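[1] Test case, fold it:
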Amino acid sequence: MKGDLFSSEHVVQPAMQPGMSVENAKCIKYAVNGEMYARQGAMIAYRGGLRFERKGQGVGGMLKRAVTGEGLPLMAVRGQGEAWFAHEAQNCFIVEVEPGDQFTVNGRNVLCFDASLSYDIKTVKGSGIAGGGLFNSVFSGQGRLGLVCEGNPLVIPVSAQSPVHVDTDAVVGWTAHLQTSLHRSQSIGSMLRGGSGEAVQLMLQGEGFVVVRPSELTPQKSQQH
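    Presented below is the predicted three-dimensional model:
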């Protein structure tokens, strides 16, 4: 067969070592040698001796998901082989979590991750009831975390002198040690008159980075995720 479709740009190559790598802008490849985790339904192809099983969250995890709506629907992938993961043709990126690090990420942006990483669902500090239920997944340990994002994400440095305000529907995640709180950018009078539609943001302070996507989550997309 000939043609651009069969060029080296598109034909996959065997993995050089176990673990996660970016196959292309829309897909992550994982060379499995043991066990890894991915969001349910994200596998688009695989080869080799792999088994896919729904990962139970336990009673505590089920309760957290029922209360927060943030639970990660995961599957365990076990065996030896290669698997490819993608989600709605969103852009894919890899975060390397090192010992002592924590990365807080919105569950809708998680694609796959190493079994050596652990995660917990936590309330975003400072959001309170008024935040409409701001809950994120906090990853820790040592390993790689594969993320998806609509468009190319913005990674914004946060410093003690320059806090950053982000739309709660656009934020992807942020690094450990950042303090969070809700910030109201409009007066009550302005909101009653219609306002700008950007009444409340999440404010991050400290030293680190926050990742945001270049689009807001619409109600229709929120139901899909």
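[2] Okay, helices next: where are they in this protein?
    Assignment of helices within the chain using DSSP state H yields the ranges 58-68, 188-192, 219-224.
[3] Return the set of residues that bridge with Thr175.
    For Thr175, the beta-bridge assignment (DSSP bridges) gives partners Phe103.
[4] And for it, the neighbour number?
    As a burial measure, Thr175 scores 20 neighbours (other CB atoms under 10 Å). Backbone N, C-alpha and C define where each C-beta goes, glycine included.
[5] again with Ser118
    Residues near Ser118, counting by other CB under 10 Å, number 12.
[6] Would you mind measuring from it to Val22?
    Ser118 is 23 Å from Val22, where distance means CB to CB, to the nearest Å.
[7] What residues does the residue nearest to Arg144 when sequence neighbours are not counted make contact with?
    Among residues not flanking Arg144 along the chain, Met20 sits closest, at 4.6 Å (CB to CB, 6 or more residues apart in numbering). Under the criterion of CB atoms under 8 Å, 6 or more residues apart in numbering, the contact list for Met20 reads 28-30, 36, 94, 112, 114, 144, 146.
[8] closest to Gly79 among those?
    Minimum distance to Gly79 across these is 10.2 Å, recorded for Met36 (CB to CB).
[9] Might you list the low-confidence residue ranges for this structure?
    Counting by pLDDT under 70, the chain contains low-confidence residues at 56-72, 125-134, 185-199, 216-225.
[10] Correct me if wrong: Ser21 contacts Pro14.
    No: between Ser21 and Pro14 there is no contact under CB atoms under 8 Å: 11.6 Å.
[11] Show me which positions of stretch 109-120 end up buried.
    Using 16 or more other CB atoms under 10 Å as the burial criterion, the residues of stretch 109-120 that qualify are 109-114, 117, 119.
[12] Just the CA atoms of that stretch, as CSV, please.
    Listed in CSV are the C-alpha atoms of stretch 109-120, where the atom choice follows Å, rounded to 0.1, in the frame of the first residue of the first chain:
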residue,chain,number,x,y,z
ASN,A,109,-8.9,15.5,32.2
VAL,A,110,-7.5,12.2,33.3
LEU,A,111,-6.7,9.7,30.6
CYS,A,112,-4.3,7.1,32.1
PHE,A,113,-1.6,6.7,34.7
ASP,A,114,1.0,4.4,36.2
ALA,A,115,0.0,2.0,38.8
SER,A,116,2.7,3.4,41.0
LEU,A,117,0.6,6.6,41.4
SER,A,118,-2.2,6.9,44.0
TYR,A,119,-5.1,9.3,43.9
ASP,A,120,-7.7,10.7,46.2
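[13] If anything else comes up later, I'll come back, but that's it for now.
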